[in-house]
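# One predicted model, sequence on top.
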Amino acid sequence: MNHDQLSFLNPNYFHGCHPFDLRSYFESDPFYENLDCAFPLNLAKTVAPVPKPTYRHQVLKRLLENISAQNLVGKSYVEKYLRDQYRRNCRPNTLRLTATSLTLFLSFFRQLGKTHLNQMQKQDIEAFVEHEQDRGLKPNSVRTRLCAVYAFVRFLIEKKIVGYELMERKIKLKLPDPLPRAMDSQDLTLLLSVIDNTRDRALILLLLRTGMRIGELLNTKVDDVDLRQQKILIYLSDKTAVGRVVYYSEDAQQSLLAWFKIRDSSKERLFYGQGKGSQSLCYGAARMMFIKYLHKAGLQYSGYTLHCLRHTYATDLLNARMPLECLRILLGHTNLEVTRRYARLSDKTREDEYFSAMESIVKGDRDADDECDH
């Protein structure tokens, strides 16, 4: 066999991609045994490295293992549905919420005496909602689980397992619309005065001055921080899957520089835990740290949470007359109506108008012509 006879071969053979049977054939040929060629003959025996599973794939695997170990009605369809969500690039939190909601619903479904998914009726979904409400769940949590159940029902309709009548006149929950809880300025000053740890002070000030969600800050890497321009790059938000840039103030910069002087430079995350080999700080540890300082400041009964720092950030910027659209982008909201909630909390113009009008009323300056007709 000469080189001209090799012209029909796929060139991928020389890169280790040719079918194994043809490789074996050529390796047995004396011409290739004595040929001093540019590619090694043992390339055919080289095993390509197995790619490391992504975090999403690890989450999916654990969820499927947990579902497989349970006695759920129609669990094979739950597994198919989770795989479908994974293929549609749903985030890990979405996969977890789906698995939790469907596990609860199908366990309740079995308690009703149902053994097949095609026995599902609208009354079963209504009973599940009442069951979750009776357990004391918040309306938002019940709504989240109801949405997961209806999404699964749509999947079953596509698979011809249940009828479309389950989607007619869907159950809708009326949700409360509370004001965002911002920290009082005096309480905030008191809280900052008792933080004596360099890392903790940098973390809390960054939350307060950037409006980042706690999960976003805990996932921040050192390379995401631009010290010169005082900004942090959030490449992909865990909640909205939208990247954005946030900026921080001079006091946060000084605290961050102090933390950089003493932090372990081998750690990839900006904030990491104290345990040996720890690469990141978990939410539970950050929450307990915040509660510790609330107790130290005498604010343990205030009801403040880490997320209140984000609300405080938004409220302070609105009070400083920042436009809503600009604030929406900084907060990473996809809907302007979500940002508009802070305007209800911090509309200084409305507040000034009220006190100006009330001052006139108290002084008795009303004009007789302004009296309302009855």
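Nice, I can see it.
# quick one: low-confidence parts of this protein?
Applying pLDDT under 70 to the chain picks out residues 1-48, 50, 275-278, 347-349, 365-374.
# what about the helices in the stretch 201-350 of the chain?
Taking DSSP state H, counting those that start in this stretch as the criterion, the stretch 201-350 of the chain carries its helices at 214-218, 250-262, 283-296, 307-319, 324-331, 336-346, 348-363.
# quick one: the last one to helix 336-346, angle?
I take that to be helix 348-363. 30 degrees (axes from the mean of the first three to the mean of the last three CA atoms, to 10 degrees).
# How far does helix 348-363 sit from its chain's centre?
42 Å (CA atoms, centre = their mean, to the nearest Å).
# number of nearby residues for Ala258?
Per other CB atoms under 10 Å, the neighbour tally for Ala258 reads 14. The C-beta positions use only the backbone N, C-alpha and C, and glycine is treated the same way.
# from memory it sits against Asp200, does it?
No - at 11.4 Å, Ala258 does not count as touching Asp200 under the criterion of CB atoms under 8 Å.
# Correct me if wrong: Ile291 contacts Tyr301.
No - Ile291 sits out of contact with Tyr301 when judged by CB under 8 Å, with a separation of 11.6 Å.
# In terms of neighbours, single out the busier of the two.
Ile291 (15 against 8).
# Please report how far Asn219 lies from Asp238.
Taking CB to CB, to the nearest Å as the measure, Asn219 falls 7 Å from Asp238.
# who's more crowded, these two?
More crowded of Asn219 and Asp238, by other CB under 10 Å: Asn219, with 20 against 14.
# Next, Arg96: secondary structure please.
Following DSSP: H, G, I helix; E, B strand; the rest coil, Arg96 is assigned to helix.
# Count the residues that sit near it.
14.
# For Pro53, give me its contacts.
By CB atoms under 8 Å, 6 or more residues apart in numbering, the residues touching Pro53 are Lys61.
# Can you tell me the SS state at it?
Taken by three-state DSSP, the conformation at Pro53 corresponds to coil.
# Just the strands from the stretch 151-300 of the chain, written as ranges.
Along the stretch 151-300 of the chain, counting by DSSP state E, counting those that start in this stretch, strands occupy 225-226, 231-234, 244-247.
# what's the closest of those strands to Lys80?
Nearest to Lys80 among these is strand 231-234; the distance by CB to CB comes to 33.5 Å.
# Pairing partners for the closest one, with directions?
Strand pairing for strand 231-234, using DSSP bridges, gives strand 225-226 (antiparallel), strand 244-247 (antiparallel).
# Show me which residues of the longest one are buried.
If I follow you right, that is strand 244-247. Buried residues in strand 244-247, counted by 16 or more other CB atoms under 10 Å: 244, 246.
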